[in-house]
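K.L.:
need a 3D model of the sequence below.
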Amino acid sequence: MKEQFMERNTAVLVVMFSSAEQENLHDHPVEEKCMQSATQDLQSDIEEVKVSLQNKTLALQRIQIMGALRNKLIQDDEDSRLILKTIENILVLSQKITEYQQKIIFGSGINWAEDPSLKAIIPQLEENVYLQ
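P.N.:
Take a look at the predicted model:
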């Protein structure tokens with residue numbers, strides 16, 4: 001991503017310098033459009049990098065929390081037993097949610113298998129329950 005950012009930044013600078021050298025009144029609207037387009041592209045890239053950084057930070061935090069929970073469970077004290085009980089409750093609730101989703105799917109009377117977009121939703125529902 002850094003490489004793409006640097007390449008676009010370099011391209012913008014090249015356009016700016018070449019335009020400055022050619023100083024022609026007729027080229028100003030084209031130069032302005034080029035600059036606007038390059039600016040929008042760079043802003044879009046910056047947003048993508050920000051989102052990527054947030055996602056990676058969240059993933060790292062999840063990994064750190066799981067490591068801390070594993071270490072705490074090893075201690076086998078009152079807190080660790082409470083954590084284990086909470087995890088068991090979360091698993092039971094996730095299974096029930098999946099069961100209810102399947103009941104709703106079957107009870108709706110819609111043939112989900114015929115419509116590809118609806119058919120794709122079913123695995124997503126199951127994955128979302130287990131990922132959260």
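
K.L.:
what comes up buried for stretch 76-85?
P.N.:
Ser80, Ile83 (16 or more other CB atoms under 10 Å). Placement of C-beta: from N, CA and C, glycine included.

K.L.:
give me the contacts around that stretch.
P.N.:
With CB atoms under 8 Å, 6 or more residues apart in numbering as the test, stretch 76-85 has contacts from Leu69, Lys72, Leu73, Ile74.

K.L.:
same thing but at 7 Å, please
P.N.:
Stretch 76-85 is contacted by residues Leu69, Lys72, Leu73 when judged by CB atoms under 7 Å, 6 or more residues apart in numbering.

K.L.:
after the longest helix anywhere in the chain, which helix or strand is next?
P.N.:
Ranked by residue count under DSSP state H, the longest helix found in the chain is helix 28-75. Per DSSP states H and E, helix 28-75 leads on to helix 78-107 as the next helix or strand towards the C-terminus.

K.L.:
so which residue is dead centre in this protein?
P.N.:
What sits nearest the mean C-alpha location of the chain, by CA atoms, centre = their mean, is Asn55, with 5.7 Å.

K.L.:
now the longest helix of the chain against helix 78-107, angle please.
P.N.:
Counting by axes from the mean of the first three to the mean of the last three CA atoms, to 10 degrees, helix 28-75 points 120 degrees away from the direction of helix 78-107.

K.L.:
tell me which residues of stretch 82-101 come out buried.
P.N.:
Neighbour-count burial for stretch 82-101, counted by 16+ other CB under 10 Å, picks out Ile83, Ser94, Ile97, Gln101.
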